[in-house]
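>>> Okay, sequence plus prediction incoming.
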Amino acid sequence: MRGTDETSGSLFSYVDLEERIPVRHPLRKIRQVVTDALSSLDAEFEALYTDFGRPRLRRSG
């Protein structure tokens, strides 16, 4: 987009999922299990990525 558009923010709805999902909801446990499982596969995923090109996005948490 060129220039500034002061009204574009009203086109989107920003929802903080941490506020919407109750602390004791099962999805929170599922998310942690999946995150742990994928983290344990980091070395395997790392081997699949090339050493050149666009760097991958690192997420914390």
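Done, it's in.
>>> When you work out contacts or count neighbours from here on, use the C-alpha atoms and nothing else.
Noted.
>>> what bits of this structure have low per-residue confidence?
The model of the chain has pLDDT under 70 over residues 1-10, 54-61.
>>> Next, work out how far apart Ser13 and Arg20 are.
Ser13 sits 13 Å away from Arg20 when distances are taken as C-alpha to C-alpha, to the nearest Å.
>>> do Gln32 as well
The gap separating Gln32 from Arg20 is 17 Å, by C-alpha to C-alpha.
>>> Out of those two, name the residue with the larger neighbour count.
Gln32 (11 against 8; other C-alpha atoms under 10 Å).
>>> what's the spacing between the more buried one and Pro26?
Per C-alpha to C-alpha, Gln32 is found 10 Å from Pro26.
>>> likewise Glu18?
Per C-alpha to C-alpha, Glu18 is found 13 Å from Pro26.
>>> before we move on, what about Arg20?
Note on Arg20: its distance to Pro26, by C-alpha to C-alpha, is 13 Å.
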